[in-house]
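In: Sequence and predicted structure, then a few things I'm wondering about:
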Amino acid sequence: MKKTIKTAINKSTKNNPITRAELCNITGLSDRIVRRIIADLREEGNWIINRGNGYYRGRSESDRKYLIADYNSRITKMAKTVRSLENHVRGQINVL
């Protein structure tokens with residue numbers, strides 16, 4: 001199924017991306033499993049981009065830069081969360 005997902009994404013373009021629902025329909029896999037496979041493909045170095053309307057394979061330097069910036073943004077947000085968790089006093093609840 002991993003190959004099927006990779007092939008479908010490789011055939012997709014920025015102007016005609018494939019949705020996760022379509023990938024689920026093609027493969028018969030659950031949404032969670034499709035997301036895991038996409039994550040695995042990215043970890044292998046595949047430039048799989050999702051700009052909110054579906055997935056496609058990055059083909060240009062600007063696509064690569066977009067993908068790297070997206071991951072750097074996620075890393076920054078996760079690091080902020082980790083710092084907050086580390087600084088949280090056990091049993092303390094902050095009311096916003």
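Out: Nice, thanks for sending it over.
In: Please spell out the segments of this structure that come in under the pLDDT threshold.
Out: 89-96 (pLDDT under 70).
In: those helices in it, which residues are they?
Out: Remark: helices assigned in the chain by DSSP state H are 2-11, 20-27, 31-43, 61-87.
In: Show me what the first one packs onto, helices and strands only.
Out: Going back to what we said before, that points to helix 2-11. Counting by 3 or more CB pairs under 8 Å, 6 or more residues apart in numbering; DSSP states H and E, the packing neighbours recorded for helix 2-11 are helix 20-27, helix 31-43, strand 55-57. Every C-beta, even on glycine, is put in place using the N, C-alpha and C of the backbone.
In: cutoff 6 Å now
Out: helix 31-43, strand 55-57 (3 or more CB pairs under 6 Å, 6 or more residues apart in numbering; DSSP states H and E).
In: Check the last one too.
Out: When contacts are defined as 3+ CB pairs under 6 Å, 6+ apart, helix 61-87 packs onto no helix or strand at all.
In: buried residues in stretch 37-55?
Out: 37, 38, 41, 46, 47, 48, 49, 50, 54, 55 (16 or more other CB atoms under 10 Å).
In: residues in contact with it?
Out: The contact list for stretch 37-55 (CB atoms under 6 Å, 6 or more residues apart in numbering) reads 2, 5-6, 9, 17-19, 56-58, 63-64, 67.
In: Kindly present those as JSON lines, with separate columns for distance to residue 85 and neighbour count.
Out: Shown next, in JSON lines, are the contacts of stretch 37-55 (distance: CB to CB, whole Å; neighbours: other CB atoms under 10 Å):
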{"residue": "2", "distance to residue 85": "33", "neighbour count": "14"}
{"residue": "5", "distance to residue 85": "33", "neighbour count": "24"}
{"residue": "6", "distance to residue 85": "35", "neighbour count": "18"}
{"residue": "9", "distance to residue 85": "34", "neighbour count": "23"}
{"residue": "17", "distance to residue 85": "35", "neighbour count": "18"}
{"residue": "18", "distance to residue 85": "36", "neighbour count": "20"}
{"residue": "19", "distance to residue 85": "33", "neighbour count": "13"}
{"residue": "56", "distance to residue 85": "35", "neighbour count": "23"}
{"residue": "57", "distance to residue 85": "35", "neighbour count": "19"}
{"residue": "58", "distance to residue 85": "33", "neighbour count": "16"}
{"residue": "63", "distance to residue 85": "33", "neighbour count": "16"}
{"residue": "64", "distance to residue 85": "32", "neighbour count": "13"}
{"residue": "67", "distance to residue 85": "27", "neighbour count": "17"}
